[in-house]
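Novice: the following block contains a protein sequence and its predicted model.
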Amino acid sequence: MSRVDQFYDRNTRGTPERRASVFSFRLFYRVHSWACYGMASIDPEGMDEFYSRDLRAAELGAAAWKALHASRYLEYDDAIRAVRDYVKSGPSDRSIQEMKKRAGARSIKILFEGSASVDLVWTEGTIELEPLRHIIGDRWTLFENRETIKFTDTVSDEELGTALLSELEFSRDGSYKGT
């Protein structure tokens, strides 16, 4: 079975998951949900919101929960096709332009300087925090050999927010100090 056939065969798909991302910039946070279908893409029906950097841990945790709940696991070809068509329309470019405007940044390099990112993955009652390392521009990658923080889905907003703040700091330090 080819990889393409395997992707479309529902019997070979992994466990349904929901995903969200939290980005930390100098002046604001961006929290958004993903549409998941074997891979994750920006979801036209999902959440994509900006928050002040003044958020307390509980408020950041609540925003992350909101994004996880807004995330969708897609099983039907029509829904997947709609998301893929949306991604082709360039939503990332529009988001970057909006973030540059909010940050008063003239370039992507200045926008992402000192930024941080953490992905949240919610699968079978477990939430996993995955800090990301900034590569260049709007590109991120997972840290190698990094133990991720896991919670049950009964975690409080305060606990989740505190862990997110810690992982965002790790992402920022690891991206710019070479860890």
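Specialist: Now that the structure is in, tell me what you want to look at. Residues are numbered from 1 along each chain as shown.

Novice: look up the closest residue to the spatially most central residue of the chain, ignoring the ones flanking it.
Specialist: By Cα atoms, centre = their mean, the mean C-alpha position of the chain lies nearest to S21, the distance being 1.9 Å. Distances taken as Cβ to Cβ, 6 or more residues apart in numbering place D119 nearest to S21, at 5.2 Å, with adjacent residues excluded. All C-beta atoms are positioned from the backbone trio N, CA, C, and that covers glycine.

Novice: longest helix in the protein, please.
Specialist: helix 157-176 (DSSP state H).

Novice: what's the average pLDDT for that helix?
Specialist: What helix 157-176 shows for mean pLDDT is 90.

Novice: I figured the residue nearest to the centre of the chain was touching A116, is that so?
Specialist: No: with contact defined as Cβ atoms under 8 Å, S21 does not reach A116; the gap is 10.9 Å.

Novice: from the chain's centroid, how far away is the one helix or strand the residue nearest to the centre of the chain maps to?
Specialist: Assigned by DSSP states H and E, S21 belongs to strand 18-24. Chain-centre distance of strand 18-24: 3 Å, with Cα atoms, centre = their mean, to the nearest Å.

Novice: do the same with stretch 39-54
Specialist: On Cα atoms, centre = their mean, the centre of stretch 39-54 falls 8 Å from that of its chain.

Novice: got the CA coordinates for that stretch in CSV?
Specialist: Backbone C-alpha positions of stretch 39-54 (Å, rounded to 0.1, in the frame of the first residue of the first chain) are rendered in CSV as follows:
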residue,chain,number,x,y,z
MET,A,39,-1.5,16.0,9.4
ALA,A,40,-2.5,19.3,10.8
SER,A,41,-3.5,22.5,8.9
ILE,A,42,-4.8,25.9,9.7
ASP,A,43,-8.6,25.5,10.2
PRO,A,44,-10.9,28.0,8.5
GLU,A,45,-13.6,27.1,11.1
GLY,A,46,-11.2,27.0,14.1
MET,A,47,-9.9,29.5,16.5
ASP,A,48,-7.1,32.1,15.8
GLU,A,49,-7.0,34.8,18.4
PHE,A,50,-4.5,37.3,19.8
TYR,A,51,-4.1,38.1,23.5
SER,A,52,-2.2,40.7,25.4
ARG,A,53,1.1,39.8,27.0
ASP,A,54,-0.5,40.8,30.3
